[in-house]
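> Take a look and give me a structure for this.
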Amino acid sequence: MKLYGFFNSSASYRVRIALNLKGLSAESEGINIRNGLQHSAEYSSINPAGFVPTLEDNGLRLGQSLAIIDYLDRRYPQPQLIPEAAVLRARVLEFSYLIACDLHPLNNLRVLRYLQDESGLDETRKNQWYAHWIADGLGKAEELLRRHDGGEWCFGNAPTLADCCLIPQLANASRMNCDLDAYPLLNAVAAHALKHPAFIQAAPERQSDYVGS
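As a prediction, this is how the structure comes out:
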């Protein structure tokens, strides 16, 4: 198994957590998205979309972190990260999609670079954009946890896809100096998760391609 990713990519971070939770090892190859290596001819032959991560497993090449984690859950089902029970599954997916589909795309690297390079936003206004959408998205995520009365993890008594999505997003927000004090439930989950070996080992600073924040 091989994972192409970038140490600071939220999507790559999600997959690293999932692999660790399942006790799976994957050879890691860094694709430096800051330098545009995701658009190289070599990587485009691996992932035509030009995104990280990409997982290779038994002849399969698969992009998109949520699709990768779903695949891992089907092929290596223990522990299960996307529950089978209908209501719990729906809650986990609702939360995960909020983070991965609504919040993250608005503040990833290619959007921030477009705002700065093509739309002419200066550093201050770019950071304001980032902070606005972080507050909007995390506020909604906090409310989902409040409504569903979670415990130490986002949902249920074990980590799920929701936790795999939340921790990288909070890490990025912290790195960008966003104020996270308004999200006590999210912060409590993060404090618990970051004591777990699977989350510790998946952290950006522990990756072989780490080059600093």
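> other SSEs contacting the longest helix seen in the chain?
Counting residues, the longest helix in the chain under DSSP state H turns out to be helix 123-148. Helix 123-148 sits against helix 86-97, helix 109-117, helix 161-175, helix 184-193, with contacts defined as 3 or more CB pairs under 8 Å, 6 or more residues apart in numbering; DSSP states H and E. In this view, the C-beta of every residue, glycine as well, is placed from N, C-alpha and C.
> so the third one versus helix 123-148, what angle?
Which is helix 161-175. Angle, helix 161-175 to helix 123-148, by axes from the mean of the first three to the mean of the last three CA atoms, to 10 degrees: 150 degrees.
> one step back: can you flag the weakest of the helices and strands packed on helix 123-148 by average pLDDT?
Sorting these by mean pLDDT places helix 109-117 lowest, at a mean of 76.
> That one packs against which elements?
Here helix 109-117 touches helix 123-148, going by 3+ CB pairs under 8 Å, 6+ apart.
> Just give me how far the helix it packs on sits from the chain centre.
Here helix 123-148 is found 15 Å from its chain centre; the criterion is CA atoms, centre = their mean, to the nearest Å.
> if we can go back for a sec, most tightly packed of the helices and strands packed on helix 123-148?
Most buried of the helices and strands packed on helix 123-148, by mean neighbour count (mean count of other CB atoms under 10 Å): helix 161-175, with a mean of 25.
> Okay, angle between it and helix 86-97 too, please.
Using the same axes, to 10 degrees: helix 161-175 against helix 86-97 is 20 degrees.
> just checking, what packs against helix 161-175?
Looks like helix 161-175 contacts helix 10-21, helix 65-75, helix 86-97, helix 123-148, helix 184-193 (3+ CB pairs under 8 Å, 6+ apart).
> cutoff 7 Å now
Packing contacts for helix 161-175, counted by 3 or more CB pairs under 7 Å, 6 or more residues apart in numbering; DSSP states H and E, involve helix 10-21, helix 86-97, helix 184-193.
> contacts for the last one?
When you say that, I think you mean helix 184-193. Contacts with helix 184-193, where a contact means CB atoms under 7 Å, 6 or more residues apart in numbering, come from 138, 141-142, 145-146, 152-154, 159, 163, 166-167, 170, 180, 199.
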